[in-house]
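# Fold the following for me, if possible:
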Amino acid sequence: MEDDATLVGRASGGDKTAFATLLGRYSGRIFQMALRILGDRADAEDVVQEVSVTTWRRLSELTDPAAVRTWIFRVTHRQCLNVLRGRRPQELIDLIPDMAANHPVCDPPRMAEAVAAFRALNVALTHLSPPQLHTWLLAEIHGLPHLEIARISGGTEEAARARLARARLRLAAEMRAWR
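Modelled structure (predicted):
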């Protein structure tokens, strides 16, 4: 199995098989990232296509072929931001799926409480700034470390850490009634 850097080198030279192999490694994660950020399957599929095209066109510009994973996630993040910029603020309420509504629970009062908590979280998320929201999603939903978030967002690790801290403080304050 070839490493990413080797595949990047071959794909940069026009090897479509190497590109397909490289993209195959990450397309599932690209889709999941876009789906979690955007909350819409069709938009996520569109992002995967845009990222594929952008990756093919700009792969030769990558200065460190071993960093292709981070670069692809940065391209994905930027494409998701472009989609989010086109949305109205009210649409951001649906960023996180209402998983509680689709989860079979035997206890109706607990089910109602879980649904209400998810709705409250959705509303609280709309009060975050877009950079805080995206940092929070990358950390809490995708489980990415600060350094990876910084690389995707194009900032420093300290800035990602600070944005995440501010987002968590804001959400904690907004969700105080749910403790």
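# From the centroid of the chain, which residue is nearest?
The chain has residue 33 as the residue nearest its centroid, 3.8 Å off, counting by CA atoms, centre = their mean.
# Show the contacting residues for that residue.
73, 76, 77, 80, 142 (CB atoms under 8 Å, 6 or more residues apart in numbering). Every residue, glycine included, has its C-beta placed from N, CA and C.
# Keep only those of those residues that are in helices.
Among the contacts of residue 33, the ones falling in helices (DSSP state H) are 73, 76, 77, 80.
# Need the residues you listed in TSV (columns: pLDDT and distance to residue 25).
Converted to TSV, those look like this (pLDDT from 0 to 100; distance: CB to CB, whole Å):
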residue	pLDDT	distance to residue 25
73	90	12
76	92	14
77	86	18
80	85	19
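# Go ahead and measure how far the helix or strand bottoming out on mean pLDDT in the chain is from the middle of the chain.
Scoring the helices and strands of the chain by mean pLDDT, DSSP states H and E places helix 108-126 at the bottom, with a mean of 77. With CA atoms, centre = their mean, to the nearest Å as the basis, helix 108-126 stands 22 Å off its chain's centre.
# list the helices and strands that helix packs on?
Counting contacts by 3 or more CB pairs under 8 Å, 6 or more residues apart in numbering; DSSP states H and E, helix 108-126 packs against helix 157-174.
# Please export the C-alpha coordinates of the helix it packs on as CSV.
What follows is helix 157-174, C-alpha atoms only, in CSV (Å, rounded to 0.1, in the frame of the first residue of the first chain):
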residue,chain,number,x,y,z
GLU,A,157,-3.1,26.2,17.3
GLU,A,158,-3.5,28.8,20.0
ALA,A,159,-6.2,30.6,18.0
ALA,A,160,-8.1,27.3,17.6
ARG,A,161,-7.8,26.6,21.3
ALA,A,162,-9.1,30.1,22.2
ARG,A,163,-12.0,29.9,19.7
LEU,A,164,-13.0,26.5,21.1
ALA,A,165,-12.8,27.8,24.7
ARG,A,166,-15.0,30.8,23.9
ALA,A,167,-17.5,28.6,22.1
ARG,A,168,-17.7,26.2,25.0
LEU,A,169,-18.1,29.0,27.5
ARG,A,170,-20.9,30.5,25.4
LEU,A,171,-22.7,27.2,25.0
ALA,A,172,-22.3,26.4,28.7
ALA,A,173,-23.9,29.7,29.6
GLU,A,174,-26.8,29.1,27.1
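# That one versus helix 108-126: what angle between them?
On the basis of axes from the mean of the first three to the mean of the last three CA atoms, to 10 degrees, helix 157-174 is oriented at 130 degrees to helix 108-126.
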